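# from the sequence below, what's the structure:
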Amino acid sequence: MKADKTIATYRRMRAQPLWRLLAADNGPTVIGLLQAHLYDGARSLPASVLHERIGRDLEELRARGEDWPRTAQAYISSWLADRFLERRFPPGASEETYELSADAVMAIRLVSGVAKPHATATESRLALVINALARLAEDTDTDKARRIDRLMVEKARIEQEIAAIEKGHMRVLPRTTALERAKEIVTLADDLTGDFRRVRDEFERLNRDLRERIMDNDGSRGEVLGSLFAGVDLIADSEAGRTFSAFWRLLTDPEQAAGLDEALDSVLSRAFVADLDPKDRKFLLRLTRTLLEQGGAVHEILQAFARSLKNFVQSREYLEHRRLNQLLKEAQRAALRLKDEVRAAERLEYTLELTSSERRSVSELALYDPALQARPGAMADGAAPPIDLSTVGALVAQSEIDFRGLKANVREVLGQSEQASIADVLTVFPAAQGLGSIVGLIALGSRHGIRVPGSDAVTWAGGDGTQRGARIPRIFFTRERIHELV
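Here you go, the predicted model:
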């Protein structure tokens, strides 16, 4: 039967989280809750915040007569087990965070697209297909004459358009067409940000696969081990790694970033933007920041996986895991040999001594008394050092960072650019307090900026007039958060 392959594929998909979420009896409510808290707003939330918000929603649902007998923690745990959610523990965080899985994001987009469908054949979507196809045909053409002819035709068209503009005949898109294209751009950009989750999942799968291949290899130096000992970054050199690295280079290219910022500023200043939904306007306003944040997070995960895999091999930790894996396989083989000789319900005459911790009574513990360690006699008062007001003023100037001045400098630089790094600020306003200005800008950036992978070189003049330099984390300030620097 021709449909056998398709049926088998759909049966496998039926067991995946995407299909199970859509087919669940309470699927509409679960999708609505997940979309409200982890899609429309923040894309990740601390566990305590998500528990509190889901708990509040469950109370409202119960008040309407719906049957939701379990606690918020129990439902979130079940969604985690069903792979609708993912749980992570970011470095330096005080608690774990939750975010949607790639399948849950696809389910939300699917039902949202059905609820608010796009026009079946819009002009902008057709133009996008035609332009992409024409560009592909041009870029893959190896005939010099045809490529030159096309460029000459394009040159003549551009010259005619320039002449028409000089005469006052300027073609501007109608408001409805411009609005339609803006919505298509929002849709494409939103799909792009969702791709980051699938890329991250691919890196995690690749990391697990490489570790399994290392442990399953019984030789002294397998293919994976040999590559790692030779210094090859197998994750970064994978297809997913190369694709994301190329995307990340394009995103962080100064010329491309400047072009994107300029285009966003121009579009947001047009009159037709007022007809966009507030959600779409906010998305466009935060587009650069969203791409940098999500791309930076995936880039850090890529680097962390690569480092951990190398450490796993270079520290010889893999030998311990391989030995444990071999012992488990030997135990399984031994159990298979005995399965026909020993019945499952048969009593085994064997005693297994379990390890346990030593229990002690609280009354046996002696409390620490600081008074027993105190030295005899009272603490003597020290002599007051000679100091005057000018000395106090100099000490304050040296010890206190002028955050007010640094904030003013950052605001002035952001008035000329959509985003600026700490190095960009120091180029316009050199470090007046030397190293103190550098530390102050890093402190401001950690609270009001965006940390991206990489570092920048900065210089400053010390109190002795000597020029010094260092490399600092690459942190960007953005215009949309300029109000935080007031």
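
# and residue 451, how far from residue 338?
57 Å (Cβ to Cβ, to the nearest Å). Yep, even glycine has a C-beta here, placed from its N, CA and C like the rest.

# neighbour count: the two, which is higher?
Per other Cβ atoms under 10 Å, whichever of residue 451 and residue 338 has more neighbours is residue 451, with 15 against 9.

# assign a three-state SS to that one, would you?
Assigned with DSSP: H, G, I helix; E, B strand; the rest coil, residue 451 falls in the strand class.

# can you check residue 475 too?
strand.

# what residues does it make contact with?
421-422, 442, 445-446, 449-452 (Cβ atoms under 8 Å, 6 or more residues apart in numbering).

# can you lay out those as JSON lines showing pLDDT and distance to residue 286?
Formatted as JSON lines, the contacts of residue 475 follow (pLDDT from 0 to 100; distance: Cβ to Cβ, whole Å):
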{"residue": "421", "pLDDT": "89", "distance to residue 286": "19"}
{"residue": "422", "pLDDT": "89", "distance to residue 286": "21"}
{"residue": "442", "pLDDT": "86", "distance to residue 286": "24"}
{"residue": "445", "pLDDT": "85", "distance to residue 286": "18"}
{"residue": "446", "pLDDT": "82", "distance to residue 286": "20"}
{"residue": "449", "pLDDT": "86", "distance to residue 286": "15"}
{"residue": "450", "pLDDT": "86", "distance to residue 286": "11"}
{"residue": "451", "pLDDT": "83", "distance to residue 286": "17"}
{"residue": "452", "pLDDT": "82", "distance to residue 286": "16"}
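
# show me where this protein has strands.
Here the chain has its strands, by DSSP state E, at 44-46, 85-88, 97-100, 419-421, 450-461, 467-478.

# what's the most buried one of those?
Counting by mean count of other Cβ atoms under 10 Å, strand 419-421 has the highest mean neighbour count of the strands of the chain, with a mean of 23.

# now residue 289. Nearest residue, chain neighbours left out?
Spatial nearest neighbour of residue 289, chain neighbours left out: residue 478 (5.5 Å); criterion: Cβ to Cβ, 6 or more residues apart in numbering.

# doesn't residue 450 make contact with the one you found?
Yes: contact criterion Cβ atoms under 8 Å: residue 478 and residue 450 qualify, at 6.5 Å.

# shared neighbours of those two, anything?
The contact sets of residue 478 and residue 450 overlap at residue 289 (Cβ under 8 Å, 6+ apart).

# was I right about residue 183 contacting residue 280?
Yes: Residue 183 is within contact range of residue 280, at 6.8 Å (criterion: Cβ under 8 Å).

# ok, the nearest residue to residue 260 once chain neighbours are set aside to residue 312 distance?
Spatial nearest neighbour of residue 260, excluding adjacent residues (Cβ to Cβ, 6+ apart): residue 288 at 6.2 Å. According to Cβ to Cβ, residue 288 and residue 312 sit 36 Å apart.

# neighbour count for the two, which is higher?
Taking neighbours as other Cβ under 10 Å, residue 288 and residue 312 compare with residue 288 leading, 21 against 17.

# which stretches of the stretch 351-486 of the chain have low pLDDT?
Scanning the stretch 351-486 of the chain for pLDDT under 70 picks out 357-359, 374-379, 382-400, 463.

# can you rerun that using 90?
For the stretch 351-486 of the chain, applying pLDDT under 90 flags the ranges 351-408, 410-424, 426-486.

# could you pull out the helices for it?
Assigned helices in the stretch 351-486 of the chain, in chain order: 389-399, 403-414, 422-428, 435-448 (criterion: DSSP state H, counting those that start in this stretch).
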